[in-house]
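Undergrad: Here is the input, now give the coordinates:
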Amino acid sequence: MSNVVQLSVFIANEAGRVSEVTNVLGDANVDIRGFSVSDTADHGILRLIVDNPDVAAPALRDAGFTVKENDVIVVDLPDHPGGLAGVLRIVAQAGVNIEYVYSLIGTYVVLNVVDADRATALLKGSPVRVVPALEVAKA
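TA: As a prediction, this is how the structure comes out:
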């Protein structure tokens with residue numbers, strides 16, 4: 001099998017918690033290849049694909065985080081309209097439930113923040129670039 005190990009990190013839904021996880025991974029020299037964050041009012045789940053889960057999981061546990069490891073599959077989608085739909089249809093027609101989907105390996109990330117204008121202003125002049133909608137549409 002060529003399954004990939006996903007780490008699910010359970011965090012309080014508080015400012016700075018995702019940053020703490022990413023700092024631990026950076027300090028452990030672990031590269032994040034993809035991630036997803038889902039939340040409720042009280043807690044969140046940070047799902048991660050990293051280059052070295054055997055180093056990442058213990059580092060996160062040593063830092064006090066609860067971490068679950070599980071196997072997931074990664075597919076390389078056809079890059080055309082309907083590419084994702086075609087892959088999902090194959091799985092759905094077989095009766096296999098898809099619990100969630102997220103993308104990997106890219107430098108564009110989406111941040112859903114309470115105040116987008118403020119966050120955009122804060123990021124101007126930093127080492128990151130805020131990507132305009134037109135560029136995202138053409139990526």
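Undergrad: mind listing the strands for the chain?
TA: Taking DSSP state E as the test, the strands found in the chain are 4-12, 32-39, 43-50, 66-72.
Undergrad: for those, which one sits closest to residue 133?
TA: Residue 133 lies closest, by Cβ to Cβ, to one member of the strands of the chain: strand 32-39, at 21.2 Å. (C-beta placed from N, C-alpha, C; glycine too.)
Undergrad: what angle separates that closest one from strand 4-12?
TA: Put simply, strand 32-39 runs at 40 degrees to strand 4-12, going by axes from the mean of the first three to the mean of the last three Cα atoms, to 10 degrees.
Undergrad: all helices for this structure, in order.
TA: 17-27, 53-62, 83-93, 116-123, 133-138 (DSSP state H).
Undergrad: In a markdown table, list the strands of the chain along with mean pLDDT, mean neighbour count and distance to residue 103.
TA: What follows is the strands of the chain, written out as a markdown table (pLDDT from 0 to 100; neighbours: other Cβ atoms under 10 Å; distance: least, Cβ to Cβ, whole Å):
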| stretch | mean pLDDT | mean neighbour count | distance to residue 103 |
| --- | --- | --- | --- |
| strand 4-12 | 92 | 18 | 13 |
| strand 32-39 | 88 | 16 | 6 |
| strand 43-50 | 91 | 19 | 10 |
| strand 66-72 | 92 | 13 | 13 |
